[in-house]
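In: quick one, structure for this:
(2 chains)
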Amino acid sequence: MEKGTLRVKTGFAEMFKGGVIMDVTTPEQAKIAEEAGAVAVMALERVPADIRAQGGVARMSDPKVIKEIMAAVSIPVMAKVRIGHLAEAMILEALGVDFIDESEVLTPADEEHHIDKWAFKVPFVNGARDLGEALRRIAEGSAMIRTKGEAGTGNVVEAVRHARNVMKAIRRIQGMRADELMAEAKNLQAPYELVRYVHEHGRLPVVNFAAGGVATPADAALMMHLGMDGVFVGSGIFKSGDPARRARAIVRAVTHYNDPEILAEVSEDLGEPMVGINLDELSEEERMAKRGW
Amino acid sequence: MSEAKNVGVLALQGDFREHKQMLERVGARVREVRLPKHLEGLGGLVVPGGESTTIGKLAAEFGLDAAVREAYEAGTLAIWGTCAGAIWMAREIMDYRQPHLGIMDIAVRRNAFGRQVDSFEVDLEIEDLDGPFRAVFIRAPEIVRVGDGVRVRARYQGRVVFAEQDRLWAMAFHPELTGDDRLHREFLERFVAS
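Out: From the prediction side, this is the model:
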């Protein structure tokens, strides 16, 4: 009997497919998410929109908050650590968290190195803006990839950009000759074996979700159409007028993303969405997606 | 050569793509099922792993549980649930209240082997299957009670992880994640008529 194998980690991520993972800050919110049909919750002290508004250093949440949320729901619970902060990751693993997000939404602890994720039994998810970044994280042991998007903005444009970057590069590599793959690996700054995997299979070796700016059922459906396996919703739900209703609608939109009638029905009368931020109003320093490499 | 058999994979949420690939590999014609109308003409339905609360809610809302039950009772549909799928099929779910199909005379306990850090893989002996089967258990349920007429096909550490009743299969692990297609082949050969 073996625990924490690659297959157990990546296989768990496969179970999230076609599902929605929601940011929650309290046990009550976690219950609303579960009731709406979320496949997992991300336990946080503050959602990205508040992290953005309040500034300062954003760190791993208080274990007490995470434990209360774990006790409140039967679905899997994820939590975030700072990029490169292996001690925060050790703490979350000890708590029994089901998945760790090594996240650019928090202030990075290391500007050069990410965590060696092979050293952990608990699986990790990482953000990526392009294929090279995704493959580097997978090489470090990440069991799941998500677009970085631009968290806490309610603006889907960066998530779309990152999803298209990744999918376009996959299609390009699929069409290459075998003797072109090494040069491509060099260009992407990614391991040759993983580039070869993409060439042979036409996809990443792990599940690929959308994140960072999804605010409406239509946003979620859009990301599914771009080839994402599922959706993270951060501030978009609990910063909106009617979280329970919106959460439910986004779950249905992801399952039935290809059924316009159902999409129209679930999009109706959802109350106020979160207030969005236009990306050109953000300075370079305010962009979270730039964190990590 | 005979016509390919028609099998559906419940595609509301979860790893339905893996089941689809395995079934196609053993020669089935596979359809993704999201609404009751997609069940028409199917001889079998595979309910994948995923989040059982999510699958149960979505199935109930769109009328799939009633439609699946009807097709099974009409004698045309065999059903196979893996992990979350097995939970959906069980008559009784311990400790939790959630929408489910409840078609099979078993009781299950969710997350019976612990959280994700306790998920594991192991070589499993299955009755009437030659040689061990690599079984992947992910936040797996346990079948804690089986009714009369339910046959236990596999146990792990004495706990039931694979049960068969009529043309129904419930298993706690994920054969779709291993590349070993023996169970997909058996399901098709024994239960799916057309």
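In: all helices for chain B, in order.
Out: When secondary structure is read from DSSP state H, chain B shows helices at B:16-25, B:52-61, B:64-73, B:84-89, B:182-191.
In: is stretch B:40-47 positioned near chain A?
Out: No - counting by Cβ under 8 Å from any Cβ of the partner chain, chain A has no neighbours in stretch B:40-47; the shortest distance is 12.7 Å. Where you see a C-beta, it was placed from the backbone N, CA and C, and this is true even at glycine.
In: what average pLDDT does that stretch get?
Out: Taken as a whole, stretch B:40-47 has a mean pLDDT of 97.
In: related to what we said a few turns ago, same list (the helices of chain B) but as TSV, adding distance to chain A.
Out: Below are the helices of chain B laid out as TSV (distance: least, Cβ to the nearest Cβ, whole Å):
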stretch	distance to chain A
helix B:16-25	6
helix B:52-61	5
helix B:64-73	11
helix B:84-89	7
helix B:182-191	16
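In: pick the most deeply packed of those helices.
Out: helix B:84-89 (a mean of 29; mean count of other Cβ atoms under 10 Å in any protein chain shown).
In: mind saving the C-alpha coords of that one as PDB?
Out: Extracted in PDB, the C-alpha atoms of helix B:84-89 (Å, rounded to 0.1, in the frame of the first residue of the first chain):
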ATOM      1  CA  ALA B  84     -18.700   9.100  -6.000                       C
ATOM      2  CA  GLY B  85     -20.700   7.100  -8.500                       C
ATOM      3  CA  ALA B  86     -21.000   4.200  -6.000                       C
ATOM      4  CA  ILE B  87     -22.200   6.700  -3.300                       C
ATOM      5  CA  TRP B  88     -24.900   8.000  -5.700                       C
ATOM      6  CA  MET B  89     -26.100   4.500  -6.300                       C
END
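In: got the contact list for that helix?
Out: A:15, B:10, B:14, B:46-52, B:55-56, B:59, B:79, B:81, B:93, B:100-104, B:106, B:108, B:110, B:141, B:143, B:168, B:170-172 (Cβ atoms under 8 Å, 6 or more residues apart in numbering or on different chains).
In: repeat that for 6 Å
Out: Outside of helix B:84-89, the residues within contact range by Cβ atoms under 6 Å, 6 or more residues apart in numbering or on different chains are B:47-50, B:52, B:55-56, B:81, B:100-101, B:103-104, B:108, B:141, B:170-171.
In: can you pick the most crowded of those residues?
Out: Among the contacts of helix B:84-89, residue B:49 has the most neighbours (other Cβ atoms under 10 Å in any protein chain shown), with 34 neighbours.
In: thinking again about what came up before, kindly indicate which of the contacts of helix B:84-89 lies nearest residue A:8.
Out: residue B:49 (12.4 Å; Cβ to Cβ).
In: quick check: closest non-adjacent residue to that closest one.
Out: In space, and not counting its chain neighbours, residue B:49 is closest to residue B:83: 3.9 Å by Cβ to Cβ, 6 or more residues apart in numbering or on different chains.
In: right, and that neighbour touches residue B:48 too?
Out: No - contact status for residue B:83 versus residue B:48: not in contact, 7.9 Å apart, counting by Cβ atoms under 6 Å.
In: how about residue A:266, nearest residue that isn't a chain neighbour?
Out: residue A:249 (4.1 Å).
In: circling back: how about the residue nearest to residue B:49, phi and psi?
Out: phi 60, psi -110 (degrees, to the nearest 10).
In: which pLDDT does the model give residue B:2?
Out: pLDDT recorded at residue B:2 is 61.
In: cool, residue A:16 as well?
Out: On the pLDDT scale, residue A:16 gets 98.
In: how near is the residue lying closest to it once chain neighbours are set aside to residue B:14?
Out: When the adjacent residues along the chain are set aside, residue A:16 lies closest to residue A:39, with 5.0 Å between them (Cβ to Cβ, 6+ apart). Going from residue A:39 to residue B:14 by Cβ to Cβ, to the nearest Å gives 8 Å.
In: what's the first helix or strand after the helix or strand containing residue A:41?
Out: Per DSSP states H and E, residue A:41 falls inside strand A:40-43. As assigned by DSSP H and E, the chain's next helix or strand after strand A:40-43 is helix A:48-54.
In: next one: that following helix to chain centre, how far?
Out: Relative to its chain's centre, helix A:48-54 lies at 17 Å (Cα atoms, centre = their mean, to the nearest Å).
In: kindly report the same for stretch A:141-159.
Out: Distance, centroid of stretch A:141-159 to centroid of chain: 6 Å (Cα atoms, centre = their mean).
In: next: stretch A:151-170.
Out: The answer for stretch A:151-170 is 11 Å, by Cα atoms, centre = their mean.
In: tell me how many other residues crowd residue B:148.
Out: 6.
In: sorry, that was for residue A:119
Out: Per other Cβ under 10 Å, the neighbour tally for residue A:119 reads 12.
In: let me know the pLDDT of it.
Out: 97.
In: roughly how far apart are it and residue A:92?
Out: Noted for residue A:119: a distance of 13 Å to residue A:92, by Cβ to Cβ.
In: residue A:97 in helix, strand or coil?
Out: coil (DSSP: H, G, I helix; E, B strand; the rest coil).
In: contacts for the worst-scoring helix or strand of chain A on mean pLDDT?
Out: When each helix and strand of chain A is scored by mean pLDDT, DSSP states H and E, helix A:48-54 comes last, with a mean of 90. Outside helix A:48-54, the residues within contact range by Cβ under 6 Å, 6+ apart are A:58, A:105, A:151-152, A:234-235, A:239.
In: which of these fall in strands?
Out: Counting by DSSP state E, the contacts of helix A:48-54 place none of their members in strands.
In: which of those lies closest to residue B:35?
Out: residue A:234 (30.0 Å).
In: counting neighbours, what do you get for the nearest residue to that closest one once chain neighbours are set aside?
Out: Distance criterion Cβ to Cβ, 6+ apart; nearest residue to residue A:234, sequence neighbours excluded, is residue A:23 at 4.4 Å. For residue A:23, the neighbour count with other Cβ under 10 Å is 28.
In: can you confirm residue A:23 is in a strand?
Out: Yes - assigned with three-state DSSP, residue A:23 falls within a strand.
In: quick check: it vs residue A:133, distance?
Out: To residue A:133, residue A:23 is 22 Å away according to Cβ to Cβ.
In: give the bridge partners for the residue most central in space within chain B, please.
Out: Closest to where the C-alpha atoms of chain B average out (Cα atoms, centre = their mean) is residue B:81, at 1.0 Å. Note on residue B:81: beta-bridge partners residue B:47, residue B:170, judged by DSSP bridges.
In: where do the strands sit along the stretch 1-150 of chain A?
Out: A:2-3, A:20-24, A:40-43, A:77-82, A:99-103, A:124-128, A:144-147 (DSSP state E, counting those that start in this stretch).
In: with chain B instead?
Out: Under DSSP E, chain B gives strands at B:6-10, B:29-33, B:44-47, B:78-82, B:90-93, B:104-109, B:120-124, B:133-137, B:142-146, B:151-156, B:159-165, B:168-171.
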